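[1] pasting the sequence and the predicted model now:
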Amino acid sequence: MFFPPNKLAELVRQPGGKPRDAAIADAGRNIDEQRDYLAEGIREAVHSIEAVIPRSDGPAIPSPLVEIILQGCDRIIGLAGVLGYQSLEAAAKSLCDLIACLARSGEIERAPVLVHVQALQRLSERPAEVSAREAAVLIDQLARLVGHYANRA
């Protein structure tokens, strides 16, 4: 089979570009430059999740509001991962796991979601001030809460 010459294919085969180590260093500098902007994105996502709680009257959170929570969690997980905030990322993932467990039981209860929202608030306000031990205890307690609801479902 004959393949005609292709300029793009030739360019791809040629060595060049930025060395890997330089690209990684540049990416790190870019993240550092964007840190405040990314942290603000986390705060906005936490605030959007917080705003859901007063809007859900009664013991359960309705589906449209659950979607807002999940969207906020998705944003937190992505941004916290980029910034290296593992505990905040873990808390947001835990909230997603909790919602999945509660959805299997048929109702998204407000109380356990509120506990997770409070954890997100604590971990996102000043992440550098949260000790590793405090964060580990917090994440462990969230995991126990999710486990409780997973066993109930």
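    In hand now; what should we look at? Treat the numbers as computed from the prediction; the structure is a model and nothing was measured.
[2] helices along this structure, start to end?
    With DSSP state H applied, the chain shows helices at 7-13, 20-55, 63-83, 86-105, 110-125, 132-152, listed in chain order.
[3] now the chain, which segments are flagged as low pLDDT?
    By pLDDT under 70, the low-scoring segments of the chain are 1-5, 11-12, 16, 153.
[4] pick out the residue closest to the middle of it.
    Closest residue to the average C-alpha location of the chain: residue 77 at 1.4 Å, with Cα atoms, centre = their mean.
[5] ranking the helices of the chain by burial, who's on top?
    Most buried of the helices of the chain by mean neighbour count (mean count of other Cβ atoms under 10 Å) is helix 86-105; its value is a mean of 20. All C-beta spots, glycine's among them, are computed from the backbone N, C-alpha and C.
[6] and that one with helix 63-83, angle?
    150 degrees (axes from the mean of the first three to the mean of the last three Cα atoms, to 10 degrees).
[7] now helix 86-105 against helix 132-152, angle please.
    Orientation check (the same axes, to 10 degrees): helix 86-105 against helix 132-152 gives 10 degrees.
[8] measure residue 140 to residue 152 for me?
    With distances taken as Cβ to Cβ, to the nearest Å, residue 140 is found 19 Å from residue 152.
[9] also residue 102?
    9 Å.
[10] could you do residue 124 as well?
    The value you get for residue 124 to residue 152, if Cβ to Cβ is used, is 28 Å.
[11] please apply the same query to residue 131.
    32 Å.
[12] likewise for residue 54?
    According to Cβ to Cβ, residue 54 stands 26 Å off from residue 152.
[13] likewise for residue 98?
    11 Å.
[14] just residue 72 next, same as before
    25 Å.
[15] same check on residue 68?
    24 Å.
[16] next: residue 99.
    Counting by Cβ to Cβ - residue 99 and residue 152 are separated by 14 Å.
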